[in-house]
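[1] From the sequence below, what's the structure:
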Amino acid sequence: MSTTEAILEKLSTLPPEKQSQVLHFVESISQPPLSSAAESATTDKPHAWLDIAMSMKLDGPPDMSEHLDDYLYGDKKHVL
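    Alright, predicted model coming up:
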């Protein structure tokens with residue numbers, strides 16, 4: 001049995017929501033690597049990863065870094 005056949009066999013036994021997750025994963029790993037602009041940014045600037053992090057538009061409270069443990073483990077005085 002080829003790898004493709006084994007994958008298809010396993011995939012067919014999964015529920016639809018899991019099949020959707022597999023599709024999303026396969027699409028994400030088939031994306032081309034970082035563009036040359038992003039690669040050059042990482043070599044030209046020592047903190048270029050901050051530009052990438054900012055472009056991700058992550059959501060969270062503004063004091064997350066100061067109160068990370070409170071948010072993770074439930075200190076009620078700092079939780080939104």
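[2] May I see the domains of the protein written out as residue ranges?
    The chain is divided into the following domains under automatic domain parsing: 1-31, 34-80.
[3] per-residue confidence averaged over the shortest one?
    Mean per-residue pLDDT for domain 1-31: 91.
[4] May I have the distance across that domain, first residue to last?
    27 Å (Cα to Cα, to the nearest Å).
[5] Buried residues, that domain. List them.
    Residues of domain 1-31 classed as buried: none (neighbour count, 16 or more other Cβ atoms under 10 Å). (Glycine included, C-beta is placed from N, CA and C.)
[6] Could you tell me how far that domain lies from the centre of the chain?
    The chain centroid and the centroid of domain 1-31 are separated by 18 Å under Cα atoms, centre = their mean, to the nearest Å.
[7] Stretch 16-36 too?
    Using Cα atoms, centre = their mean, the offset of stretch 16-36 from its chain centre is 11 Å.
[8] Check this structure for its longest helix and report it.
    Under DSSP state H, the helix in the chain containing the largest number of residues is helix 16-29.
[9] How about residues contacting it?
    If you take Cβ atoms under 8 Å, 6 or more residues apart in numbering as the criterion, helix 16-29 is touched by 11, 14.
[10] Just the CA trace of it, in CSV.
    Extracted C-alpha coordinates of helix 16-29, given in CSV (Å, rounded to 0.1, in the frame of the first residue of the first chain):
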residue,chain,number,x,y,z
PRO,A,16,-16.0,15.5,8.7
GLU,A,17,-14.6,18.1,11.2
LYS,A,18,-11.4,16.1,11.6
GLN,A,19,-11.1,15.7,7.8
SER,A,20,-11.5,19.5,7.6
GLN,A,21,-8.6,19.9,10.1
VAL,A,22,-6.5,17.5,8.0
LEU,A,23,-7.2,19.6,4.9
HIS,A,24,-6.2,22.8,6.7
PHE,A,25,-3.0,21.2,7.9
VAL,A,26,-2.1,19.9,4.4
GLU,A,27,-2.8,23.3,2.9
SER,A,28,-0.6,25.0,5.5
ILE,A,29,2.4,22.7,4.9
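[11] Please tell me how far residue 12 sits from residue 26.
    For residue 12, the distance to residue 26 equals 15 Å [Cβ to Cβ, to the nearest Å].
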